[in-house]
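A.B. asks: pasting the structure only:
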């Protein structure tokens, strides 16, 4: 029996499901990257800079992650020869991160497994549902980046505002 979700809790229910989905996707990504020199986290950072070099801060923003965690991953990717730091004409100190040939080889190594897995999952779920879910996530990302989607700390109960400040 499926528990009834009140309309005002729909987003909360969705968020909790996305957290579970994220865990399953990270587990799948770790399995798909085995033997490639990548992990799910490294693949995520490398994927952020495949199309254009970015600063660590820009890569972190694009993925919704903390700059410090992306910096650690970027440094590890550079140390392992999968990425390189490039001069940034727009900012002397904030270098750009870009894949190396070895990074592209790692991506090409995992691509057949990723494509096969993606096709199997899409077939099992249904392409229309995957496309619809992707569109819903795109819409949520857009709203969450706007003022309407921001958490208004002043609107939180006092005990939650105080706890957030002490962290």
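C.D. replies: Thanks, I have the structure now. None of the values given here were measured: they were computed from a predicted structure.
A.B. asks: So for the helix ranked longest in the chain, what gets flagged as buried?
C.D. replies: Scanning the chain for the longest helix, with DSSP state H as the assignment, gives helix 101-125. Within helix 101-125, the residues that count as buried by 16 or more other Cβ atoms under 10 Å are 103, 106-107, 110, 114. (Each C-beta comes from the backbone N, C-alpha and C, glycine too.)
A.B. asks: Distance check, residue 76 against residue 42.
C.D. replies: Distance of residue 76 to residue 42, computed by Cβ to Cβ, to the nearest Å: 7 Å.
A.B. asks: who's more crowded, those two?
C.D. replies: Shown here are residue 76 and residue 42; by other Cβ atoms under 10 Å, residue 42 has more neighbours (22 against 15).
A.B. asks: From residue 160, how far out is that one?
C.D. replies: In this structure, residue 42 and residue 160 are 35 Å apart, going by Cβ to Cβ.
A.B. asks: cool, residue 124 as well?
C.D. replies: 40 Å.
A.B. asks: give me the low-pLDDT residue ranges for this protein?
C.D. replies: 1-8, 161-167 (pLDDT under 70).
A.B. asks: Now the residue most central in space within it. Nearest residue, chain neighbours left out?
C.D. replies: For the chain, residue 63 is the residue whose C-alpha lies nearest the centre (Cα atoms, centre = their mean; 4.4 Å). Sequence neighbours aside, residue 48 is the residue nearest to residue 63 in space, at 5.7 Å (criterion: Cβ to Cβ, 6 or more residues apart in numbering).
A.B. asks: How about the contacts made by residue 25?
C.D. replies: By Cβ atoms under 8 Å, 6 or more residues apart in numbering, residue 25 lies in contact with residue 40.
A.B. asks: Which helix or which strand is home to it?
C.D. replies: Residue 25 belongs to helix 10-32 when assigned by DSSP states H and E.
A.B. asks: Next, the contact list for the residue lying closest to residue 57 once chain neighbours are set aside, please.
C.D. replies: In this structure, residue 57 finds its nearest non-sequential neighbour in residue 67, 5.1 Å apart by Cβ to Cβ, 6+ apart. Contact partners of residue 67, counting by Cβ under 8 Å, 6+ apart, are 56-57, 60.
A.B. asks: Compile those residues into TSV and extend it with columns for neighbour count.
C.D. replies: Shown next, in TSV, are these (neighbours: other Cβ atoms under 10 Å):
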residue	neighbour count
56	24
57	13
60	21
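A.B. asks: Kindly reformat those residues as TSV containing secondary structure and distance to residue 147.
C.D. replies: As requested, the contacts of residue 67 are exported to TSV (DSSP: H, G, I helix; E, B strand; the rest coil; distance: Cβ to Cβ, whole Å):
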residue	secondary structure	distance to residue 147
56	helix	26
57	helix	21
60	helix	21
